[in-house]
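S.K.: The following block contains a protein sequence and its predicted model.
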Amino acid sequence: MTARAIGVFALVLAMASPALAGPTNSVIGGKKLEQDMVHSGGVGYPSIMYEWWNKGKGNLDWGLSGELVYGDWPAAFKKGRFISIGLGIDGMVRWHLATRNHAKITTDIAILAKPGILIAGNSNNSSFTFGIMGEALVPVSLDVHERVNVVVGGAFIIEGYINSNNVPNQGRIPLLIRMGVEIKANENVEPWFFFDLGPGIGFGEGASGASFAWRIGAGTAFWGVMGKNKNKSDSSATASSEPAAEEYAE
């Protein structure tokens, strides 16, 4: 149902709008950053997240992410919650592959690598869990309107857990399809939303088998909200337009 709604939304906007550039600093899609530094915060399941993005050289963007995890990290399984609460730290490297300009839509595609670690407690006898994760995501941004990007793509994730108190070690492999949207609210703020869904395969003692895996999140990317960049440019412009001190002395 969610996939159909996003698809219809994208189709209507594409038919009604010329090919205009949408939001410029994508944090969930495939578009390259335009700002040197972008912050992003959001809430969802299975975690609350904060991301610090940086514009790299050429086609590269990179960043760091922190997560307060209260569900199965990084994607929830229908079989029940395994992680009770924990702290996750992730690295992020995104490589922009290509931009394609069409009559009514501009498409950007990238590859995102996201390795991470987790320190948490789990729901089995209050035991301790150390987790490690590797994620490869292929996000695609579709500029369907000057203020809207629709985001699609797919993710391949491998996660493993090392547990204490004789709780069996285990791992999971979610394969997710992404559906999302980014909106340009103003020159410094771009809200976003995503929903990922797909099959998940469990492995290890007591965790083998398949189930659905999913995650959801909503938040905002923002930059220069204190007006520092604007003040710098204004100050330099004012300084360059002022007469030199010698002219006043004359």
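M.R.: Looks like it came in fine. Numbering: from 1, shown residues only.
S.K.: If you tally nearby residues, what's the number for Val167?
M.R.: Here the count is done by other C-beta atoms under 10 Å, and Val167 has 20 residues near it. (Glycine included, C-beta is placed from N, CA and C.)
S.K.: just His96 next, same as before
M.R.: A count of nearby residues for His96, using other C-beta under 10 Å, gives 20.
S.K.: Relative to Ser141, how far out is it?
M.R.: Per C-beta to C-beta, to the nearest Å, His96 is found 10 Å from Ser141.
S.K.: can you list residues touching both of these two?
M.R.: In terms of C-beta atoms under 8 Å, 6 or more residues apart in numbering, His96 and Ser141 are both contacted by the residues 30-31, 108-109.
S.K.: Make JSON lines out of those and add distance to Ile177 and neighbour count.
M.R.: Listed next are the shared contacts of His96 and Ser141 as JSON lines, based on distance: C-beta to C-beta, whole Å; neighbours: other C-beta atoms under 10 Å:
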{"residue": "Gly30", "distance to Ile177": "15", "neighbour count": "27"}
{"residue": "Lys31", "distance to Ile177": "19", "neighbour count": "30"}
{"residue": "Asp108", "distance to Ile177": "18", "neighbour count": "22"}
{"residue": "Ile109", "distance to Ile177": "15", "neighbour count": "18"}
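S.K.: Redo these as JSON lines? Include distance to Trp192 and pLDDT.
M.R.: Conversion of the shared contacts of His96 and Ser141 to JSON lines gives the following (distance: C-beta to C-beta, whole Å; pLDDT from 0 to 100):
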{"residue": "Gly30", "distance to Trp192": "13", "pLDDT": "95"}
{"residue": "Lys31", "distance to Trp192": "12", "pLDDT": "94"}
{"residue": "Asp108", "distance to Trp192": "15", "pLDDT": "96"}
{"residue": "Ile109", "distance to Trp192": "18", "pLDDT": "97"}
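S.K.: what's the farthest-apart pair in these?
M.R.: The distance between the two most remote of the shared contacts of His96 and Ser141 (C-beta to C-beta) is 9.3 Å, for Lys31 and Ile109.
S.K.: so what sits against both of these two?
M.R.: Residues within reach of Lys31 and of Ile109 at once, by C-beta under 8 Å, 6+ apart, are 96, 141.
S.K.: Could I get the contacting residues of Tyr45?
M.R.: Applying C-beta under 8 Å, 6+ apart as the definition, the contact partners of Tyr45 turn out to be 70-71, 76, 215-217.
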